[in-house]
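Visitor: got a predicted structure here, sequence first:
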Amino acid sequence: MYQNCLKRVIDFALSVLGIVVLSPVLILLSILIKCTSKGPVFFRQKRVGKDDTHFMIYKFRTMRTDTPTDMPTHLLENPDQFITPVGRFLRKTSLDELPQLFNICSGDMAIVGPRPALWNQFDLIALRDENGSSRIRPGLTGLAQISGRDELEIEVKAGLDGKYASHITFGEDTRIFFATIFSVLRHDGVQEGKRS
């Protein structure tokens, strides 16, 4: 019952509450982004959702408008040249992810689930199709995010996604949610640029 109905109800309620409570922060960050760099406030990108459908994910824009598109930041040769000063702070604190509350509210995402893959991450998508994690809504955070994030190899990340998809409970979602808060505070597993 939790996975089929209650999870979505909780996601919707918490995302609406988050948007309302954090609206002053959302407005302030929007002004800072607009005043300190050229380009839109929000960054939109095509991602893979439940059952391999596509949707547009929303984030606060943290990079210049001439940054290569559809490429994970950790694969860029020199991401520092593209990240804006405000963007560096947003990425370090994960505040750039806050607009995904709107994705959760609309039903494209959940609070907890596999992070939505880029449409062209075919290796990750194929592995998720195999282990069944592509059949659930992607999340703002997930088991992989509290287990290493960008430091994880694709196979390991997909394996954790499959493990989560096979055991979705309120208790596990609660554990992952609070573990994410501590992970963000410690800046665990964040990698900018290619590994040497």
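Guide: Here it is on my side, so go on. All figures in this text were calculated on a predicted structure; none of them were measured in a lab.
Visitor: ok, longest helix in this protein?
Guide: Secondary structure assigned by DSSP state H gives helix 170-186 as the longest helix of the chain.
Visitor: okay, buried residues for that one please.
Guide: Neighbour-count burial for helix 170-186 flags 173, 176-177, 179-180, 183-184 (criterion: 16 or more other CB atoms under 10 Å). Placement of C-beta: from N, CA and C, glycine included.
Visitor: check stretch 141-156 too.
Guide: Going by 16+ other CB under 10 Å, stretch 141-156 has these buried residues: 141-150, 152.
Visitor: and of those, the nearest to residue 68?
Guide: residue 150 (17.0 Å; CB to CB).
Visitor: for the closest one, give me the pLDDT.
Guide: Turning to residue 150, the model gives it a pLDDT of 66.
Visitor: over to residue 183?
Guide: At residue 183, pLDDT is 84.
Visitor: quick one: the nearest residue to it once chain neighbours are set aside from residue 101, how far?
Guide: Nearest residue to residue 183, sequence neighbours excluded (CB to CB, 6 or more residues apart in numbering): residue 146, at 5.1 Å. Separation of residue 146 from residue 101 (CB to CB, to the nearest Å): 19 Å.
Visitor: what's the answer for residue 5, then?
Guide: 21 Å.
Visitor: then residue 53?
Guide: 20 Å.
Visitor: what about the two, which has more around it?
Guide: More crowded of residue 53 and residue 101, by other CB atoms under 10 Å: residue 101, with 23 against 10.
Visitor: so what touches stretch 11-20?
Guide: Outside stretch 11-20, the residues that touch it by CB atoms under 8 Å, 6 or more residues apart in numbering are 26, 98, 101-102, 104-105, 107, 110-111, 137.
Visitor: rerun that using 10 Å as the cut-off
Guide: With CB atoms under 10 Å, 6 or more residues apart in numbering as the test, stretch 11-20 has contacts from 26, 98-107, 109-113, 137, 139-140, 173, 177.
Visitor: buried ones among these?
Guide: Buried among these by 16+ other CB under 10 Å: 26, 98-105, 109-113, 137, 139-140, 173, 177.
Visitor: from the residues you listed, which ones fall inside helices?
Guide: Per DSSP H, those map to helices at 26, 100-105, 173, 177.
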